[in-house]
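[1] Okay, here's the prediction I keep looking at, along with the sequence it came from:
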Amino acid sequence: MLYSKIIRGAAIAALGLAAQAAFAQDVTLPRAMVWTSYDLGSTGYAEASAMADALDKKYGTTVRLTPSGTAIGRMLPLARGRATFGFMGNEIFFASEADFEFAAPDWGPQDVRVLLGRPAAVGLITGEDTDIQSIQDLKGRKVGFVQASPSTLMNTKAALAFGGLTVDDVEEVIYPGYGAMVQGFISGEIDAVPVTPTVSALREAEGGRGVRWLDMPGSDAAGWERVRASSSVFSPVSMTVGVSISEEDPADLLGYRYPQLTTYAATDDDEVYNFVKALDESFDLYKDANKVIGRWNVGDAGTSPAGAPFHPGAVKYLREIGVWDAEDDAWNEARIARIEAVKTAWAAAREKAEADGVSDADWPDFWQAYRAEALD
């Protein structure tokens, strides 16, 4: 970013295209890259497309996107070496933990690493037609859940933990999909749901029963200690843009990363370094593609926490430009240590399962019980 600012204006006028060519030579990128992303029509796909177009214009690198609507579909090309980078969600946390889909015998803990992650936010809302003013008030109330959606479940668990509650403290109302859950809230079937601030369907609720955000202020140290005990991917964030949110009436929510530009730990450090630098120095070419893509600026997207540790190639660049600090290092080292502990537990559990004759069908339950004792 700093260098790109220096070459603007008079420097470009004086040097013209020759300066731009020299600038491009500062970064070494392959001629072609393959990325995975969320499905067509998603924010993740749109942002990946905009960034790919910027790299093509600035460096002549062609990017092929491989979209998928499932966590496994986005991860599998990375695992098999058919793609090097992916625009992922919280599935990378579950992949590193060998949880949910990644608890299958042919998966296990994945040694994934983050390059950058766009800041995003999620929180719990209730209706203005209720007497619920805080997360603590949700005890015994109806809260929406989505069937087979580990990311949504993680969000809800963390928010409830802020208020000292667990899933057992609320009445679970389970829906087959995220859209159905939001519609259930709009119609008044449930008292609270986990949502992101810019979900367009909430405009309908705003004009009907009303939307009230249940704040999780960063000043509540005890509440945030409980959040971090629930999941390491969240940090406090105050949002000023969204449904029923404004500069005058912000919402204090769970800050996380979506999408998260991801690769495996084995990816070459120099390749990652150059990629992150290229995204930084081409930022002006994609920063206006949508209302939130500007949050990919490295000052926001290049700090912890995230769903997985940051790659050393990314850390090298982020430290060089003054974004990465000792606090980020400490978080990263702890997160890497956690993955190593999960890998050790997985290997021991597989050995024991083989000795005990545990079938592949019974393995997920065996692993969950083993990990609960060995790790949690």
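    That came through, no problem.
[2] State the pLDDT value of Arg118.
    Turning to Arg118, the model gives it a pLDDT of 95.
[3] In contact with it, which residues are there?
    Glu47, Arg257, Tyr258, Pro259, Gln260, Val292, Ile293, Arg295, Trp296, Asp300, Ala301 (Cβ atoms under 8 Å, 6 or more residues apart in numbering). Heads up, the C-betas are built off the backbone N, CA and C, glycines and all.
[4] could you flag which of those residues are buried?
    Using 16 or more other Cβ atoms under 10 Å as the burial test, the contacts of Arg118 include Glu47, Arg257, Tyr258, Pro259, Gln260, Ile293, Arg295, Trp296, Ala301 as buried.
[5] Take those and lay them out in JSON lines including distance to Ser149, pLDDT and secondary structure.
    Formatted as JSON lines, the buried ones among the contacts of Arg118 follow (distance: Cβ to Cβ, whole Å; pLDDT from 0 to 100; DSSP: H, G, I helix; E, B strand; the rest coil):
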{"residue": "Glu47", "distance to Ser149": "22", "pLDDT": "93", "secondary structure": "helix"}
{"residue": "Arg257", "distance to Ser149": "18", "pLDDT": "93", "secondary structure": "strand"}
{"residue": "Tyr258", "distance to Ser149": "14", "pLDDT": "90", "secondary structure": "strand"}
{"residue": "Pro259", "distance to Ser149": "17", "pLDDT": "92", "secondary structure": "strand"}
{"residue": "Gln260", "distance to Ser149": "18", "pLDDT": "96", "secondary structure": "strand"}
{"residue": "Ile293", "distance to Ser149": "25", "pLDDT": "92", "secondary structure": "helix"}
{"residue": "Arg295", "distance to Ser149": "24", "pLDDT": "93", "secondary structure": "helix"}
{"residue": "Trp296", "distance to Ser149": "25", "pLDDT": "97", "secondary structure": "helix"}
{"residue": "Ala301", "distance to Ser149": "25", "pLDDT": "97", "secondary structure": "helix"}
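[6] Now for Leu254, how many residues are close by?
    25 (other Cβ atoms under 10 Å).
[7] Go ahead and confirm it touches Asn155.
    Yes. Using Cβ atoms under 8 Å, Leu254 is in contact with Asn155, at 6.6 Å.
[8] All the strands of this protein, residue numbers only.
    32-37, 62-67, 85-88, 112-126, 142-146, 171-175, 192-195, 212-213, 235-239, 251-264 (DSSP state E).
[9] In CSV: those, plus distance to Ile339.
    Formatted as CSV, the strands of the chain follow (distance: least, Cβ to Cβ, whole Å):
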stretch, distance to Ile339
strand 32-37, 20
strand 62-67, 25
strand 85-88, 15
strand 112-126, 8
strand 142-146, 27
strand 171-175, 30
strand 192-195, 26
strand 212-213, 33
strand 235-239, 19
strand 251-264, 12
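[10] wait, which of the ones you listed is closest to Gly357?
    strand 112-126 (31.4 Å; Cβ to Cβ).
[11] and the angle for the closest one with strand 251-264?
    Here the directions of strand 112-126 and strand 251-264 differ by 160 degrees (axes from the mean of the first three to the mean of the last three Cα atoms, to 10 degrees).
[12] quick one on the thing from earlier: mutual contacts of Leu254 and Asn155, please.
    Joint contacts of Leu254 and Asn155 (Cβ under 8 Å, 6+ apart) are Val122.
[13] which residues of the stretch 51-200 of the chain fall in helices?
    Residue ranges of the helices in the stretch 51-200 of the chain, as given by DSSP state H, counting those that start in this stretch, are 71-79, 91-97, 150-162, 178-186.
[14] Out of the ones you listed, which one sits most buried?
    Compared across the helices of the stretch 51-200 of the chain, helix 91-97 shows the largest average neighbour count, a mean of 25 (mean count of other Cβ atoms under 10 Å).
[15] Name the residues that touch it?
    71, 74-75, 100-102, 107, 109-112, 114, 150-151, 154, 231, 233, 260, 262, 307-308, 338-339, 342.
[16] Distance from the chain centre to it, please.
    11 Å (Cα atoms, centre = their mean, to the nearest Å).
[17] What's the mean pLDDT across that helix?
    Mean predicted lDDT for helix 91-97 stands at 94.
[18] Likewise for stretch 229-247?
    On average, stretch 229-247 scores 92.
[19] Next, the distance between the ends of it.
    One end of stretch 229-247 to the other measures 30 Å (Cα to Cα, to the nearest Å).
[20] how about it: buried residues?
    For stretch 229-247, using 16+ other Cβ under 10 Å, the buried residues are 230-237, 239, 242-245.
[21] what does stretch 263-274 give?
    Thr263, Tyr264, Thr267, Glu271, Val272, Tyr273, Asn274.
[22] residues contacting the residue lying closest to the fifth one once chain neighbours are set aside?
    Nearest residue to Val272, sequence neighbours excluded (Cβ to Cβ, 6 or more residues apart in numbering): Gly313, at 2.9 Å. Under the criterion of Cβ under 8 Å, 6+ apart, the contact list for Gly313 reads Leu115, Thr267, Asp268, Asp269, Asp270, Glu271, Val272, Tyr273, Phe275, Val276.
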